[in-house]
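S.K.: Any chance you can model this:
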Amino acid sequence: MSSETQNTEEKRKGDGGKKLIIAIVAVVIILLIASVSVMAALLVKSKDEKTIAGSPEEKPREVITAENVEDVMAEMEEAQKARENIPQSYTVSQSSDWVFSKDTLKSENAYVKNDASNETPVYFDLVVDETGEIVYSSPILELGAELDGITLDKPLETGNYVCTVVYHLIDEDKNELTYVNIGVNVTVN
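M.R.: Numbers count the residues shown, from 1 in each chain. Just a heads-up that it's a prediction; the model follows:
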C-alpha cells in the first residue's frame, strides 16, 4: 500500500473518531441542558406551592386541644354538611343574545328560566365583562320560575357588550351554595 493511500485511510479513521466525539459531547450537553431545565421547573413549582400554601387567604390550621375539640368538630361537621348540599348540576335555560332599548332599558327577548329539574332556587347578576360592572340583579327564581322582559338596573351606552350571567344557587336560607357563569351577548339600541 502506498504511503499516500495509507495517509488517506488514517485521515478518514481520524475524522470518524472526531465526529463520534463531537456527537457524544453534543448529546451530553443536551442532557445537561434538559436536566437543568427540569430542576429549574421543579424549583419554581415548589416555590409557587409554598407561596400558595402560606398565602394570607389560607386559614391557619388550628391546633386541636381538649378545650377546643368540640368547636373544631362542630366547624368540620358544618363544612361537610355545606358540601353535601351543593348541587352537582344545574340546567340553564336562557336566550343567548339579549337586546335592550337605550331609552327604556327594557329587553323584549332576554329570557331566563330556573328549570323545575334543578335542585335549588337561583338569582342572577348580569355582569359586563370589560368593566366587571353588575348592570342587573334578578329577584330569586324558585324552581320552574321564568323571567322575561328584563329591565337593566343601570344604563349602558348604545353598542354591543360581552357579558356574563352569574347564577347564584342558594339554599332555603338564601345562602349561596355555589355559582354558575354563562356568557351572553348584550346589544343596546
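S.K.: Name the surrounding residues that touch stretch 81-95.
M.R.: Contact with stretch 81-95 is made by 109-115, 117-120, 122, 165, 167, 169, 171, 177-178, 180, 182, 184, as judged by C-beta atoms under 8 Å, 6 or more residues apart in numbering. Backbone N, C-alpha and C define where each C-beta goes, glycine included.
S.K.: buried sites along stretch 179-189?
M.R.: Val180, Val184, Val186, Val188 (16 or more other C-beta atoms under 10 Å).
S.K.: Low-confidence regions, the protein specifically.
M.R.: The model of the chain has pLDDT under 70 over residues 1-16, 35, 37, 39-61, 82-85.
S.K.: Tell me where it has strands.
M.R.: 92-94, 97-100, 111-114, 122-128, 134-137, 146-148, 159-170, 176-188 (DSSP state E).
S.K.: Just want the angle from the fourth one to strand 176-188.
M.R.: Angular relation of strand 122-128 and strand 176-188 on a 0 to 180 degree scale: 40 degrees, by axes from the mean of the first three to the mean of the last three C-alpha atoms, to 10 degrees.
S.K.: Format the CA atom coordinates belonging to strand 122-128 as PDB.
M.R.: Listed next in PDB are the C-alpha coordinates belonging to strand 122-128 (Å, rounded to 0.1, in the frame of the first residue of the first chain):
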ATOM      1  CA  VAL A 122     -81.400  30.900  42.000                       C
ATOM      2  CA  TYR A 123     -80.900  34.500  41.400                       C
ATOM      3  CA  PHE A 124     -78.500  36.000  38.800                       C
ATOM      4  CA  ASP A 125     -76.400  39.100  38.100                       C
ATOM      5  CA  LEU A 126     -75.700  40.400  34.600                       C
ATOM      6  CA  VAL A 127     -72.000  41.500  34.600                       C
ATOM      7  CA  VAL A 128     -70.300  43.500  31.800                       C
END
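S.K.: Which strands or helices does it pack on?
M.R.: strand 134-137, strand 159-170, strand 176-188 (3 or more C-beta pairs under 8 Å, 6 or more residues apart in numbering; DSSP states H and E).
S.K.: ok, and what's touching the last one?
M.R.: Contacts with strand 176-188, where a contact means C-beta under 8 Å, 6+ apart, come from 82, 85-87, 90, 92, 94-102, 120, 126, 128, 156-171.
S.K.: Could you pick out the buried ones from these?
M.R.: 90, 98-100, 120, 126, 128, 156, 161, 163-170.
S.K.: Test of understanding: give the bridge partners of the nearest residue to Asp129 once chain neighbours are set aside.
M.R.: Distance criterion C-beta to C-beta, 6 or more residues apart in numbering; nearest residue to Asp129, sequence neighbours excluded, is Val162 at 4.7 Å. Listed beta-bridge partners, Val162: Asn185 (assigned using DSSP bridges).
S.K.: Quick one: residues contacting Val162.
M.R.: By C-beta under 8 Å, 6+ apart, the neighbours of Val162 are Val128, Asp129, Glu130, Gly183, Asn185, Val186.
S.K.: No further questions, thank you.
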